[in-house]
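**Q** Give me coordinates for this.
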Amino acid sequence: MKVDACHLGGVLPRSEALIAAYRRLAEGRETYEAVKELARHETEGLLKLQKSLGMTYVVEGQLLWHDIFRPFSELLSGVKIGPLTRWFDNNLFYKKPIIVSNISRTTTILDKYLFTELVRGLNWKLILPDPYTFYTLSLNQAYRQWEDLVLDIAGVIADELRDLSDAQPALVQLSAPCYSSGRPKPDHVETMKEAFRKIKNSVDGETMIHLHFTDASNAIPWILDFPADIIGIDPYATNLDGLKGYSFRGSVAIGCLDARNSYVESVDDVKEVFEMVAESLGARSYHLTTSTDLEYLPKSVAEKKMRRLSEAYSALGGS
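**A** As a prediction, this is how the structure comes out:
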């Protein structure tokens, strides 16, 4: 079983100092410029740590993002910021996007929420919402046909990725828990596939669909036809028996470290999960990753998990 990459499966946690700075900002006792400078400093540290650990792709951390939809909710025309809503079965919340008219860009978005100058020239990975998940977790008050909304979201994301130009990521992860939260209808699958292609065609790097929080077997077999380079699986939420006998034409990223549990796995723990999943399915190669974003954990615990992921990668023959 070939393990040829190691990277984190989502965004990273803010430090207590940065959380406090955002709190002061909300209370009018801090400037955004000061908060952004602190976030930039933390991003530098996170990138340095990942590089020192030999991560194949480094994540920027996305510390300026309050939730995965917020940059789009704040800057897209046609979208309003809605109420706080629980993020799946986690003790975290997002502000539900409310679609009030056809969406369009009036300004660039990603460059305002990423420290692109810090990742330019790096083998870096960007975490974005899958358009179908964006649609599913929003409140649509404008589009008669849901398919049109999904494809418009995909178009926005594709345009944003093109506009990153010389800072384009080497790997774009579309976080897609709604792909596998149930078994979608065939017409839904076709729209999801069309939206994915639109995004894939906008980047030169690789693309990944991450099925976190939910049972990846719900996406079998239709996801095998998607032109994704990598499919990410959350083994802590997946019925592995439902994956047996299937072969993935690309790579499978196995979320061997549970990003929602503060217990720091041993290298043997990670190897056991990896081997259990890899033996259940066939793939061109395998990646080691976390089950989801590490933002659910304190920064100190998240960094320990990052180190353990790197150690396990080496133990499994990665380099």
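**Q** and the residue lying closest to residue 221 once chain neighbours are set aside, how far is that from residue 269?
**A** Computed as C-beta to C-beta, 6 or more residues apart in numbering, the closest residue to residue 221 that is not its neighbour in sequence is residue 246, at 6.3 Å. All C-beta atoms are positioned from the backbone trio N, CA, C, and that covers glycine. Here residue 246 is placed at a distance of 25 Å from residue 269 (C-beta to C-beta, to the nearest Å).
**Q** what do you get for residue 185?
**A** 38 Å.
**Q** ok, now which ones touch the closest residue in space to residue 247 that isn't next to it in sequence?
**A** Beyond its immediate neighbours in the sequence, the residue positioned closest to residue 247 (C-beta to C-beta, 6+ apart) is residue 282, lying 3.7 Å away. Taking C-beta atoms under 8 Å, 6 or more residues apart in numbering as the criterion, residue 282 is in contact with 246-248.
**Q** Between residue 185 and residue 269, which is the more surrounded one?
**A** Using other C-beta atoms under 10 Å as the criterion, residue 185 and residue 269 rank with residue 269 on top: 16 against 9.
**Q** Double-check that the more buried one belongs to a strand.
**A** No - assigned with DSSP: H, G, I helix; E, B strand; the rest coil, residue 269 falls outside any strand and is helix.
**Q** List the contacts of it.
**A** Applying C-beta under 8 Å, 6+ apart, one finds that residue 269 lies in contact with no residue.
**Q** change it to 10 Å
**A** When contacts are counted by C-beta atoms under 10 Å, 6 or more residues apart in numbering, residue 269 is found next to 256-258, 263, 308, 312.
**Q** which ones among these are found in strands?
**A** Secondary structure assignment by DSSP state E places 256-257 of the contacts of residue 269 in strands.
**Q** ok, which pair from the contacts of residue 269 is furthest apart?
**A** Comparing all pairs in the contacts of residue 269 by C-beta to C-beta, the longest separation belongs to 263 and 312, at 14.7 Å.
**Q** who's more crowded, the two?
**A** For residue 263 versus residue 312, the count of surrounding residues by other C-beta under 10 Å is larger for residue 312: 24 against 10.
**Q** Grab the nearest non-local neighbour of that one.
**A** The spatially closest residue to residue 312, leaving aside those adjacent along the chain, is residue 270, at 3.7 Å (C-beta to C-beta, 6+ apart).
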